[in-house]
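Engineer: Have a look; sequence and predicted model below, questions after that.
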Amino acid sequence: MVPLGWRYESGKIIPDEDEQELIRIVRDFRALRLSYSAIATELTEARFTSRTGPAVFTEVMAKRIAT
């Protein structure tokens, strides 16, 4: 499986700009000292998606994205 922020295309692993942006946003929220729970709420309310489509983000998901 390709890590979050990357995708497999034409035999290469390249950055996935949408996922890279999601990672940046989560890290920015952490820099503002938002809790993972608050970040998950923000992502869900902003209607960010996961690789499989619309998502309800959880605290665990936000933490995994941040690290």
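Structural biologist: Structure received.

Engineer: which stretch of helix or strand covers the most centrally placed residue in the chain?
Structural biologist: The chain has residue 22 as the residue nearest its centroid, 4.1 Å off, counting by CA atoms, centre = their mean. Using DSSP states H and E, the secondary-structure element containing residue 22 is helix 17-31.

Engineer: hmm, back to that, what residues are up against the residue nearest to the centre of the chain?
Structural biologist: 4, 5, 43, 48, 65 (CB atoms under 8 Å, 6 or more residues apart in numbering). (C-beta placed from N, C-alpha, C; glycine too.)

Engineer: Parallel or antiparallel, which strands does the helix or strand of the chain with the lowest mean pLDDT pair with?
Structural biologist: None of the helices or strands of the chain scores lower by mean pLDDT, DSSP states H and E than strand 53-54, at a mean of 84. Strand 53-54 sits in its sheet next to strand 49-50 (antiparallel), going by DSSP bridges.

Engineer: Name the residues that touch the partner strand?
Structural biologist: Under the criterion CB under 8 Å, 6+ apart, residues 55, 61 lie in contact with strand 49-50.

Engineer: do the same with stretch 27-40
Structural biologist: By CB under 8 Å, 6+ apart, the list of residues contacting stretch 27-40 reads 26, 42, 57, 58, 59, 60, 61, 62, 63, 66.

Engineer: Pull up the distance across that stretch, start to finish.
Structural biologist: Length of stretch 27-40, first residue to last, CA to CA, to the nearest Å: 12 Å.

Engineer: Thanks a lot, catch you later.
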